[in-house]
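In: coords below, sequence missing:
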């Protein structure tokens, strides 16, 4: 089944995938394409409109990313956001210049005033907070454009040529900080592009199952890298729906899971009508990690070792060139592993399999790689997964290895497991688990002096981390009650040997990531 499509053209901004997520929340399918995509290819996709994203460049710089001006002659609506707005103005005959120190340069929450006769703002309040992040100024807007929003500091916060369906905003409507921002995107989609909202998770599920059946074929089998987390569990259900018992789920227990987690995963999947194999590889992983402290190196080692474990399992199951490897890669994994001009924020184990391992299979299946975490959960419900699996807290593929700063040892992993178990237990007992998106502990590489039982200690500092988020692309630190933090701290220091100090991480994402490594 084909769907209406909006193309999000990526110019390298930090919130670009949030734009895609907001569009999908409106029931409109979208794809993110790099700005370098040839116009003929974009046109062949038959979109109903374009959204130009933000970006770190200035449009007047020689090396700044641009678009083929003919994109504005396709007769399709365009919404430019931040850099995308200035690029539209620059391309269509306007003039963009560096903002002066005292005028038109804006960052953060800004009082903004809207012309509600404009389709973009129709039905919305005339005043609200928008999230600004621009240091350039549209000194001249192109012919045919009207000024449809302003702030106290900038007269052209938003511009519009309603006759051609071109709109530009210098703020970020996709972030939660912008009041009514999602409604502005919705107005563009439905009021300007003529969207009907024909993309649902049910349709995605049906079309993906059909596509998987066709791609895998009637004889092909699939070896799935199962971690027991939300992503791989949903993928297991999706593949089971597509090919049934031709799916083999390989759960690699690398010895870096949370307390009792390996047994819980095995119990959960023993009830399913799939081939489930648990591989005890703790010694194997820990020996490879001995003496390694760099977080990227740890991820690469674990990723490679996952690949070698699968290679060994493939030998046992006599995997042939008809068969596939499946991985629960989701959109944030793709983004943070680096895509196009984007920086590699962190490497993900399920995108680092050695070429010689991948080459053993006909191909790699990553059918969730365009879904955000909340969409993966929705797909899980569509497939009938139990809620405790759908709402399982995210856990990184490398496990506790990236929650132990510095070298990873079994003793450190055991210490971290016990502390993490206390942390999670107390949060659940207090009912705070319903308010948090992710929470865990980090064993730092810092040791400090303490006193216990009238004696001097020199033990590790443990960091507590708890965040709230709707998409895992941005996150805020959780304001947990002090008395709960106190109980957690007292219990961990009293019950877990080797820890004598507890700190609480109060950093949002960005500038930090949710995980420490």
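Out: Structure received. All values derive from a computational prediction rather than experimental measurement. Numbering: from 1, shown residues only.
In: okay, and the helix or strand of this structure with the least pLDDT?
Out: Ranked by mean pLDDT, DSSP states H and E, the weakest helix or strand in the chain is helix 331-336, scoring a mean of 65.
In: and the very next helix or strand once past that one, what other elements does it pack with?
Out: The C-terminal neighbour of helix 331-336 among helices and strands, as given by DSSP states H and E, is helix 355-358. Other helices and strands packing on helix 355-358, by 3 or more CB pairs under 8 Å, 6 or more residues apart in numbering; DSSP states H and E, are helix 295-317. Just so you know, the C-beta spots here come from the backbone N, C-alpha and C atoms, and that holds for glycine as well.
In: mind checking how far the next helix-or-strand element following the helix it packs on is from the chain centre?
Out: Remark: after helix 295-317, the chain's next helix or strand is strand 324-326, criterion DSSP H and E. Strand 324-326 sits 22 Å away from the centroid of its parent chain (CA atoms, centre = their mean, to the nearest Å).
In: strand 324-326 pairs with which strands?
Out: strand 222-226 (parallel), strand 363-365 (parallel) (DSSP bridges).
In: lowest average confidence across those strands, which one?
Out: Among those, strand 222-226 carries the lowest mean pLDDT, at a mean of 88.
In: can you give the contact residues for it?
Out: Residues outside strand 222-226 that contact it (CB atoms under 8 Å, 6 or more residues apart in numbering): 216, 232-233, 235-236, 239, 243, 246-252, 265, 269, 276, 306, 310, 313-314, 317, 319, 323-328, 350, 361, 365.
In: can you select the buried ones from these in ChimeraX?
Out: Those of these that count as buried under 16 or more other CB atoms under 10 Å are selected in ChimeraX with:
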select :216,232,233,235,236,239,243,246,247,248,249,250,251,252,265,269,276,306,310,313,314,319,323,324,325,326,327,328,350,361,365
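In: coming back round to it: closest to residue 392 out of the strands paired with strand 324-326?
Out: The closest of the strands paired with strand 324-326 to residue 392 is strand 222-226. By CB to CB, the value is 12.7 Å.
In: and that closest one with helix 295-317, angle?
Out: 140 degrees (axes from the mean of the first three to the mean of the last three CA atoms, to 10 degrees).
In: what comes up buried for strand 222-226?
Out: 222-226.
In: quick one: pLDDT of the closest residue to residue 115 other than its chain neighbours?
Out: Leaving out its chain neighbours, the residue that sits closest to residue 115 by CB to CB, 6 or more residues apart in numbering is residue 148, at 4.3 Å. Per-residue confidence at residue 148 stands at 96 (pLDDT).
In: that's a strand at residue 148, yeah?
Out: Yes - looking at residue 148 with DSSP: H, G, I helix; E, B strand; the rest coil, it is inside a strand.
In: thought it was touching residue 121?
Out: Yes - the pair residue 148 and residue 121 qualifies as a contact (CB atoms under 8 Å) at a distance of 7.0 Å.
In: if we can go back for a sec, residue 35: which of the buried residues of strand 222-226 is nearest?
Out: Relative to residue 35, the closest of the buried residues of strand 222-226 is residue 225; by CB to CB it sits at 32.9 Å.
In: what residues are bridge-paired with that closest one?
Out: In this entry, residue 225 is beta-bridged to residue 250, by DSSP bridges.
In: residue 10: neighbouring residues, count only.
Out: 27 (other CB atoms under 10 Å).
In: I'd guessed it sits against residue 33; true?
Out: Yes - using CB under 8 Å, residue 10 is in contact with residue 33, at 6.6 Å.
In: which secondary structure state does the closest residue to residue 227 other than its chain neighbours sit in?
Out: Excluding its sequence neighbours, the residue lying closest to residue 227 (CB to CB, 6+ apart) is residue 397, at 5.9 Å. Secondary structure, three-state DSSP: residue 397 is coil.
In: what about residue 397, how many neighbours?
Out: Neighbours around residue 397, by other CB under 10 Å: 27.
In: that concludes my questions; thank you for your assistance.
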